[in-house]
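Chemist: next one to model:
(4 chains, ligands or ions: 6)
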Number of protein chains: 4
Amino acid sequence: MGARGSVATTATAGCAAIAAGLHPPTGMVTETPPFADTGLPPLASLVFGGHDILDCPLPKRAEALAEGGVLPYRLPTAVRSELDAADAEIRPGGPLPGDTRTDQQIIAAFAADLTDFAHRHELARTVVINVSSTEPAPGPDDPRLPASSLYAAAALRAGCSYVNFTPSTGLRAPGLADDVADCGLPHAGRDGKTGQTLLRSVLAPMFLQRALPVRAWSGSNLLGGGDGAALADPAAAAAKNAGKERVLADTFGTAPEGEVHIDDVPAMGDWKTAWDHIAFDGFLGSRMVLQTIWQGCDSALAAPLVLDLARLLARSHEAGLSGPRPELGFYFKDPDGGTSPALAEQYAALLAFAERLRGMA
Amino acid sequence: MGARGSVATTATAGCAAIAAGLHPPTGMVTETPPFADTGLPPLASLVFGGHDILDCPLPKRAEALAEGGVLPYRLPTAVRSELDAADAEIRPGGPLPGDTRTDQQIIAAFAADLTDFAHRHELARTVVINVSSTEPAPGPDDPRLPASSLYAAAALRAGCSYVNFTPSTGLRAPGLADDVADCGLPHAGRDGKTGQTLLRSVLAPMFLQRALPVRAWSGSNLLGGGDGAALADPAAAAAKNAGKERVLADTFGTAPEGEVHIDDVPAMGDWKTAWDHIAFDGFLGSRMVLQTIWQGCDSALAAPLVLDLARLLARSHEAGLSGPRPELGFYFKDPDGGTSPALAEQYAALLAFAERLRGMA
Amino acid sequence: MGARGSVATTATAGCAAIAAGLHPPTGMVTETPPFADTGLPPLASLVFGGHDILDCPLPKRAEALAEGGVLPYRLPTAVRSELDAADAEIRPGGPLPGDTRTDQQIIAAFAADLTDFAHRHELARTVVINVSSTEPAPGPDDPRLPASSLYAAAALRAGCSYVNFTPSTGLRAPGLADDVADCGLPHAGRDGKTGQTLLRSVLAPMFLQRALPVRAWSGSNLLGGGDGAALADPAAAAAKNAGKERVLADTFGTAPEGEVHIDDVPAMGDWKTAWDHIAFDGFLGSRMVLQTIWQGCDSALAAPLVLDLARLLARSHEAGLSGPRPELGFYFKDPDGGTSPALAEQYAALLAFAERLRGMA
Amino acid sequence: MGARGSVATTATAGCAAIAAGLHPPTGMVTETPPFADTGLPPLASLVFGGHDILDCPLPKRAEALAEGGVLPYRLPTAVRSELDAADAEIRPGGPLPGDTRTDQQIIAAFAADLTDFAHRHELARTVVINVSSTEPAPGPDDPRLPASSLYAAAALRAGCSYVNFTPSTGLRAPGLADDVADCGLPHAGRDGKTGQTLLRSVLAPMFLQRALPVRAWSGSNLLGGGDGAALADPAAAAAKNAGKERVLADTFGTAPEGEVHIDDVPAMGDWKTAWDHIAFDGFLGSRMVLQTIWQGCDSALAAPLVLDLARLLARSHEAGLSGPRPELGFYFKDPDGGTSPALAEQYAALLAFAERLRGMA
Ligand SMILES: NC(=O)c1ccc[n+]([C@@H]2O[C@H](COP(=O)([O-])OP(=O)(O)OC[C@H]3O[C@@H](n4cnc5c(N)ncnc54)[C@H](O)[C@@H]3O)[C@@H](O)[C@H]2O)c1
Ligand SMILES: NC(=O)c1ccc[n+]([C@@H]2O[C@H](COP(=O)([O-])OP(=O)(O)OC[C@H]3O[C@@H](n4cnc5c(N)ncnc54)[C@H](O)[C@@H]3O)[C@@H](O)[C@H]2O)c1
Ligand SMILES: NC(=O)c1ccc[n+]([C@@H]2O[C@H](COP(=O)([O-])OP(=O)(O)OC[C@H]3O[C@@H](n4cnc5c(N)ncnc54)[C@H](O)[C@@H]3O)[C@@H](O)[C@H]2O)c1
Ligand SMILES: NC(=O)c1ccc[n+]([C@@H]2O[C@H](COP(=O)([O-])OP(=O)(O)OC[C@H]3O[C@@H](n4cnc5c(N)ncnc54)[C@H](O)[C@@H]3O)[C@@H](O)[C@H]2O)c1
Ligand code: NA
Ligand code: NA
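Modeler: Ligands and ions are numbered 1, 2, ... in the order given. From the prediction side, this is the model:
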């Protein structure tokens, strides 16, 4: 879901461009040598569709992304037919204000869309990936499931594997616990690790290994685009920040001082700047500081991971694996349990997983 | 050697302060839980001495470091007696201009100093650590050994294990190859990894693992103090930079574009600022940038590593290990062969080494 | 008021140190050549006193500041007698919770303290400077005056000139309008311009003069100490931020996008880091960015300005000037009306004022 | 000269785009209100031509700049006819290796090209602007004039006013002193002030005005493109850096510690990053730091200034002004004598000049 968003559009257009040989697969880990012969579905075999609550046609969205420097400017024209094809497979999302259906009715409708999609395209399997706007975390007594959980439940109902690329609830709703336990499907989450948290997952272990205590870790993120607007809602930002701080708490045992801010700066479009300021102690209590400034295009960071995950989940599904896939902690801010927060160990786990898939191929 | 320098003075004073319980052992990896019961010599058992070509008494040097904010301001007074004791064990270094002795005569003199030191203090073993000023790399046809190699040869001759914490030649002089091969002593090097290169050893693997090609990696270092002055000599700086770029070439297979500068800025004293600018490609060729700014006190970064290495080499020596110790690549910019350039793997190797030492205890 | 705070203690200790020739008058504009022969009171003639709600003796506060690297470590001892003298002149501030006095009673009590101070020391004139914790802005219907306004009213009542170095209300309370209009005393404010705003007051005019439209100006401030703790209160921070954004709105006509955050980071003590990210447009709409990182000790930035202002107000008073002094906009984030927001013009106005004072000498 | 370079192409294409109303005149100071009614030639009246030693057609160069994100991607097509027209007016530059003409012969040839250009287009006056590659500074005993001086001499001979936008010698060759003194033409230089030096011209005065002594000012510049390649020649870079340091020496009376580096980083194309690190002293000797990171497209910064200067010189010529124009110090790193190094004062001088021109209109 979120099929007309920046991340989804970039992933759809980019997959077509790479499959056509127009661009190298930069940023796609599944296209590096360790993933050869692991039985992943070829990029050219992927079929795109989804749900969104917006109408904006995908080719038009791609044009806007090219204007903003996210996509190469000739790309929307070059992959026009693939964008049209995906556009034709995007169904109206929900729930919109005033929707009177029950949760179960909505789930059933989404599941029917998914089944229909797989059926018409004669797909062996479908992966549902949440790349829609970050939701505020639901209250504990909320009688309704949040939208992300409705889609997640529909995915399971339609026999699809599932990835939650956002900090929204998805499969982690208490009301879905039984469905998740019984589904027999692989799933992975939560919240793609693309920038500031990626950095933190290599820097925090460095401080730990060098016995340099971090006194305070503070951060500011400036971004525009749809994600910036969504995260201007403090409740949505809180969900996002929890993941960013989690890597620190998990690495150090306890979170250091310091806050994280996410500012909506429309002028920056889909380009994000993240500043981190890390105050740490050295020998004999000397005070030292590391600062990092990360300037990237968020959608371009996320899209190759989304394609990686689509392939890895499809392959996991084919290989009969089910339940949470801790081997994919490499991709997430807040991975499913039992994963080290250190990127190096997550990468080792991913390589071991590739090895295992190769053995099954 | 370099026993009156910033690093040596900080290590000497700091060891006394930590042994006396005045400060926690921040930055000392050998004081973290994985090194418990590995048979390392206690800090309080270490005896300090060395060579230097300067006269400045150690307590006075420590006062100057406290003025510059490197040492806590009450520390020189608090550990005055330990500084006096170490000061009494510093012998004149060399060779000074006009010295007419042959290389062999100088080596013999240094070795005699070392034997005498160990004898008078009834030490089980001695570790010689090079923390003197960085030398220019010697020319291929130079008939004389550089100073660092004279000291290194003397260490072997006196039966001492050896650590080269600088980019100078040390044991790597071709003329010492036979002595090194036959010495039966453990040794480790080269050039302590304390700041910019430490960062590079975690960031470069991140880009590699995420399949994000680095286009250019540029760096600038500003520092004063004795090290800044020594590195203002382009030949000495060239030796230093080779190590910094090595981690990139070793990680990526080939070094990306970009230069490294080291500027002597006397106003900064022993405080260093290192700025790195990393231009990398994202999905579909989008251009992204990471910048890092590292502000630290170089001597405070180096000193705990020097103490770690002293203990690890003494223990290796006791355990009968000899030759280069690739398990210690964690500590060096340009480690002895066979080491991964990634800090995470170097740390894993160090932990495995601790395990092995524990098994021998 | 705020006489035991970081700024006040630094100003008191520093004035003594400079008067004694222990340090050059770094940061004091009134000690530069353009202020020669303008009749300013010599530093050695200043007598310090004040109000505070804390008990901590000034020498002890100074020791703590030396520990934190704000004051040179030998200074508290060197100026011990001057600190003791000032300490003896600090009266209990207020109002504390539970104080049952009316506003008028409190004002009268403060004014009596001021008169008594001037009388005992036979002072020609007294300058009251607000360097106490930033208050939340009072509500429009608040029946009581905020503390800063009680002190300000007391200053006028006691015939003292007045400076508001904080963003608190001070003389700008509507209820004091008549007193201010009739007082016949010089006064100046509001909120010392020491770091991020100082920078903005030179950078914003640069963009304007070069016809480079600023799209977004975002900022983050990290600081600890008493000021960090006070500004952790969102209401107090809001008062502070209003001043920071004012310089942008005043320069550009309208404020660009972007937020300012102030984070309380106790680990940073009195040292502050301010990061600014300025997204601006270049020729043909190209997107450019300037980032600034300011790392300074806030009290050391503020103290020399406080001393400058004390001297300038005393001299203004002596010269018979009264009302707001727009010539002092150079010192303030949110100066009294009629001042250009550009530092260069404010400096020119200050120089012209020096000239005028010289003419009156 | 340099008519096919990045700056020249951007200025040519941009002038056409702005004249056609496709873009606002961002970055052009002469299009701001203070320059209304000063008699400047309208942008649409400007005719472009020049010399270059390269063949690459201007429309193709513009395409390459659009690929690199310097020009909006549709612009080269939109202003194709204006680019073709300018392209037709670019004459072969020189001297190329092997050229056997004397200096006087080359000057005569260039002057003939200029006269012919003005004649065919029936131009009232022509402004020659040097935007060609930075030359190494000539040696004191060099018998030949550098290329920039040949063009400059030709300009005077053909009765054209002249601007040197580069650090090359231009009119400042000792051998041209008499020609310059007698020419009766307005001229201006040297080296456009677009980024790091622009910043320095507002920051250095701030430190001075606040009595904060700068201990060290260090800088690094990373850039690619033609300018990066030219400045990879240390002799050319030395010429450039002299201008950058001049603003500091002129402001502070003496240059602070610190070096400036210019690195050629081809991966960055025409985008430049400049990092400055300024170590300054605060009250009582506290150590503080300001760092700035400027990320911009150099050609987009330079082009509007080139257009401004073309208009201002043409108007000066029309108004009968001659000799160096110190009123234009606002635009230059190393302006002609008698100019304050502070941007604010340079801007005031420029506004006064606008006023003067208005009075003459
Ligand atoms: N880009 C990154 O680096 C990154 C990293 C991690 C996570 N994410 C997450 O990915 C998500 C997408 O980011 P984006 O930049 O594409 O945002 P976007 O705003 O461009 O796209 C979100 C899309 O979701 C749609 N949507 C909203 N509510 C919906 C609903 N109920 N049903 C169906 N569609 C709905 C919106 O209409 C929009 O088209 C965000 O949650 C973001 O936090 C992004
Ligand atoms: N501090 C760090 O982070 C770090 C990291 C890696 C390596 N290093 C290296 O450690 C070394 C020491 O650094 P420092 O900051 O203490 O420098 P320093 O200048 O303070 O000390 C060097 C000392 O070596 C002495 N010396 C010079 N030549 C000698 C000789 N021939 N014999 C004996 N003594 C001699 C000098 O007199 C001086 O006392 C340098 O080579 C530096 O590059 C430091
Ligand atoms: N340091 C700077 O660069 C800077 C710049 C501009 C403004 N300021 C302002 O200066 C003020 C002082 O800053 P600081 O760092 O010294 O803070 P601080 O917390 O160290 O000191 C504030 C003092 O005010 C006292 N105080 C609080 N309420 C009082 C009351 N009602 N009556 C009397 N005293 C009272 C406190 O007890 C404390 O001793 C703050 O408002 C700050 O925002 C500082
Ligand atoms: N862009 C900025 O911000 C900026 C600021 C100040 C100064 N400058 C200066 O402007 C100049 C141009 O910069 P650019 O980025 O356009 O460089 P560029 O390399 O793109 O263009 C320079 C052009 O000069 C031509 N040239 C070289 N020698 C010549 C000769 N003898 N006769 C005629 N043409 C010759 C080259 O062929 C090339 O086309 C440089 O000297 C640069 O230092 C640029
Ligand atoms: Na540099
Ligand atoms: Na922030």
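
Chemist: what pairs with the residue in the stretch 251-361 of chain A positioned nearest to ligand 5 across the strands?
Modeler: With Cβ to the ion as the measure, A:I293 is the residue of the stretch 251-361 of chain A nearest to ligand 5, at 17.0 Å. Where C-beta positions appear, they are placed from N, C-alpha and C, glycine not excepted. For A:I293, the beta-bridge partners are A:W275, B:Q291 (DSSP bridges).

Chemist: separation between it and ligand 3?
Modeler: 24 Å (Cβ to the nearest ligand atom, to the nearest Å).

Chemist: from memory A:D179 sits against A:L156, does it?
Modeler: Yes - taking contacts as Cβ atoms under 8 Å, A:D179 lies within contact range of A:L156: 5.4 Å.

Chemist: higher neighbour count, these two?
Modeler: A:L156 (22 against 16; other Cβ atoms under 10 Å in any protein chain shown).

Chemist: any idea how far that one is from ligand 5?
Modeler: 55 Å (Cβ to the ion, to the nearest Å).

Chemist: also A:L223?
Modeler: A:L223 is 30 Å from ligand 5, by Cβ to the ion.

Chemist: quick one: contacts for A:S340?
Modeler: A:G329, A:Q346, A:A349 (Cβ atoms under 8 Å, 6 or more residues apart in numbering or on different chains).

Chemist: return the members of those classed as buried.
Modeler: Among those, those classed as buried by 16 or more other Cβ atoms under 10 Å in any protein chain shown are A:G329, A:Q346, A:A349.

Chemist: now, which of those sits nearest B:L198?
Modeler: Within the buried ones among the contacts of A:S340, proximity to B:L198 (Cβ to Cβ) peaks at A:Q346, which comes in at 20.6 Å.

Chemist: the closest one against A:K333, yeah?
Modeler: No - using Cβ under 8 Å, A:Q346 makes no contact with A:K333, being 11.5 Å away.

Chemist: and the strands in the stretch 51-200 of chain A?
Modeler: Ranges of strands within the stretch 51-200 of chain A are A:90-92, A:127-130, A:161-164, A:186-189, based on DSSP state E, counting those that start in this stretch.

Chemist: so what strands line up beside the shortest one?
Modeler: Think strand A:90-92. strand A:50-52 (parallel).

Chemist: centre of the chain to the strand it pairs with, how far?
Modeler: Its chain's average C-alpha position is 15 Å from that of strand A:50-52, according to Cα atoms, centre = their mean, to the nearest Å.

Chemist: over to stretch A:264-283?
Modeler: Centroid displacement of stretch A:264-283 relative to its chain, using Cα atoms, centre = their mean, is 20 Å.

Chemist: picking up where we left off before, if you look at the buried ones among the contacts of A:S340, which of them are in helices?
Modeler: A:Q346, A:A349 (DSSP state H).

Chemist: what's the closest of the buried ones among the contacts of A:S340 to chain D?
Modeler: Within those, the smallest distance to chain D is 28.7 Å, found for A:Q346 (Cβ to the nearest Cβ).

Chemist: doesn't A:L328 make contact with A:H187?
Modeler: No - with contact defined as Cβ under 8 Å, A:H187 and A:L328 do not form a contacting pair (9.8 Å).

Chemist: ok, A:E345 - contacts?
Modeler: By Cβ under 8 Å, 6+ apart, A:E345 lies in contact with B:A344.

Chemist: how near is it to B:P34?
Modeler: To B:P34, A:E345 is 15 Å away according to Cβ to Cβ, to the nearest Å.

Chemist: check A:S218 too.
Modeler: Noted for A:S218: a distance of 29 Å to B:P34, by Cβ to Cβ.

Chemist: more crowded one of these two?
Modeler: More crowded of A:S218 and B:P34, by other Cβ under 10 Å: A:S218, with 26 against 16.

Chemist: tell me the confidence at the spatially closest residue to that one that is not a sequence neighbour?
Modeler: Once flanking residues are discounted, A:S218 sits nearest to A:G258: 3.8 Å by Cβ to Cβ, 6 or more residues apart in numbering or on different chains. If you check A:G258, the pLDDT there is 96.

Chemist: tell me where the stretch 151-300 of chain A is predicted with low confidence.
Modeler: Within the stretch 151-300 of chain A, no stretch has pLDDT under 70.

Chemist: that one: helices as residue ranges?
Modeler: A:177-182, A:196-209, A:225-231, A:234-252, A:298-318 (DSSP state H, counting those that start in this stretch).
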